[in-house]
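Trainee: sharing a model that was predicted from the sequence below.
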Amino acid sequence: MALTPAQKHLIDGLHIFGVEKDAILCIVLALETPEQQDAMMEWMCEHRDATTEDFLKKTVELVKGTAE
């Protein structure tokens, strides 16, 4: 299965933030919809000091539908 352009951008962004490779894989697989992926990328722009743990927490929020 090929990655979508949004998934590729998300991976690139997470890599720039220094997110660990295993966490990047989990995040990209968990964020299944383009809306979830876009929401994460918007969140990234607003949280430039986010850590791997922050990204994983945000991923859980987005998957559960509890993100603000």
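Mentor: Everything's here; your move.

Trainee: going by C-alpha atoms from here, please, whenever you check contacts or count neighbours.
Mentor: Fine.

Trainee: point out where this structure drops to low pLDDT.
Mentor: Counting by pLDDT under 70, the ranges of the chain that qualify are 67-68.

Trainee: measure Gln7 to Asp38 for me?
Mentor: 9 Å (CA to CA, to the nearest Å).

Trainee: so these two - more neighbours on which side?
Mentor: Gln7 (20 against 16; other CA atoms under 10 Å).

Trainee: what sits against the more buried one?
Mentor: 28, 37 (CA atoms under 8 Å, 6 or more residues apart in numbering).

Trainee: would you mind listing the buried residues in stretch 47-58?
Mentor: 52, 55-56, 58 (16 or more other CA atoms under 10 Å).

Trainee: for those residues, give me a markdown table that also has distance to Leu25 and secondary structure.
Mentor: A markdown table is the format used below for those (distance: CA to CA, whole Å; DSSP: H, G, I helix; E, B strand; the rest coil):
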| residue | distance to Leu25 | secondary structure |
| --- | --- | --- |
| Thr52 | 12 | helix |
| Phe55 | 12 | helix |
| Leu56 | 11 | helix |
| Lys58 | 15 | helix |
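
Trainee: now the helix or strand where Gln7 lies - C-alpha only, PDB.
Mentor: Assigned by DSSP states H and E, Gln7 falls within helix 5-16. Taking Å, rounded to 0.1, in the frame of the first residue of the first chain, the C-alpha atoms of helix 5-16 are listed here in PDB:
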ATOM      1  CA  PRO A   5       0.800  12.700   0.000                       C
ATOM      2  CA  ALA A   6      -0.700  13.700   3.400                       C
ATOM      3  CA  GLN A   7       1.000  10.800   5.100                       C
ATOM      4  CA  LYS A   8       4.300  11.600   3.400                       C
ATOM      5  CA  HIS A   9       4.100  15.200   4.700                       C
ATOM      6  CA  LEU A  10       3.200  14.000   8.100                       C
ATOM      7  CA  ILE A  11       6.200  11.700   8.200                       C
ATOM      8  CA  ASP A  12       8.500  14.500   7.000                       C
ATOM      9  CA  GLY A  13       7.100  16.800   9.700                       C
ATOM     10  CA  LEU A  14       7.400  14.300  12.500                       C
ATOM     11  CA  HIS A  15      11.000  13.600  11.400                       C
ATOM     12  CA  ILE A  16      11.800  17.300  11.500                       C
END
